[in-house]
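Colleague: Okay, sequence plus prediction incoming.
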Amino acid sequence: MKLQKLVYYSQAWSLVWDEKPLFRERIEAWANGPVVRKLYESHKGAFEVRSCPQGDPSRLTQTQRETVDAVIGYYGEKTSQWLSDLTHREAPWREARGGLAPGERGTTEITLAAISEYYGSL
């Protein structure tokens with residue numbers, strides 16, 4: 001869960017600071033917060049993630065690395081529950097969830113526009 005939130009915040013701050021997305025995959029508003037389904041499927045059932053065979057950090061630009069490093073520097077020490085709670089208080093996830101009850105499954109996309117608008121206003 002923590003990896004999902006760090007990826008979400010990396011995307012959010014890339015949109016704000018770098019004015020472009022860090023990755024193309026959609027982010028969905030699941031019950032426990034924002035989730036990139038492709039990432040979830042690659043680590044499903046793993047309590048701890050130590051590597052990502054499909055990932056290649058050398059493909060990141062210097063600017064992208066700086067964004068990811070800044071996100072990890074700020075959010076990295078937070079617990080997965082703290083990060084989940086934070087996303088639940090923020091408009092992009094709440095609005096994408098619409099009228100779903102807490103804990104109810106949902107797969108609505110949290111759009112890049114919604115993310116950019118919200119975090120750009122902070």
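Modeller: Done, it's in.
Colleague: Which helix in the protein has the most residues?
Modeller: Longest helix of the chain, by residue count under DSSP state H: helix 62-75.
Colleague: Can you list the buried residues in the lowest-mean-pLDDT helix or strand in the chain?
Modeller: Among the helices and strands of the chain, helix 37-43 carries the lowest confidence by mean pLDDT, DSSP states H and E, at a mean of 88. Buried residues in helix 37-43, counting neighbours by 16 or more other CB atoms under 10 Å, are found at Leu39. Placement of C-beta: from N, CA and C, glycine included.
Colleague: so what does the longest helix of the chain touch, helix or strand wise?
Modeller: helix 2-13 (3 or more CB pairs under 8 Å, 6 or more residues apart in numbering; DSSP states H and E).
Colleague: Could you say which helix or strand holds Ala29?
Modeller: Assigning secondary structure by DSSP states H and E places Ala29 in strand 27-30.
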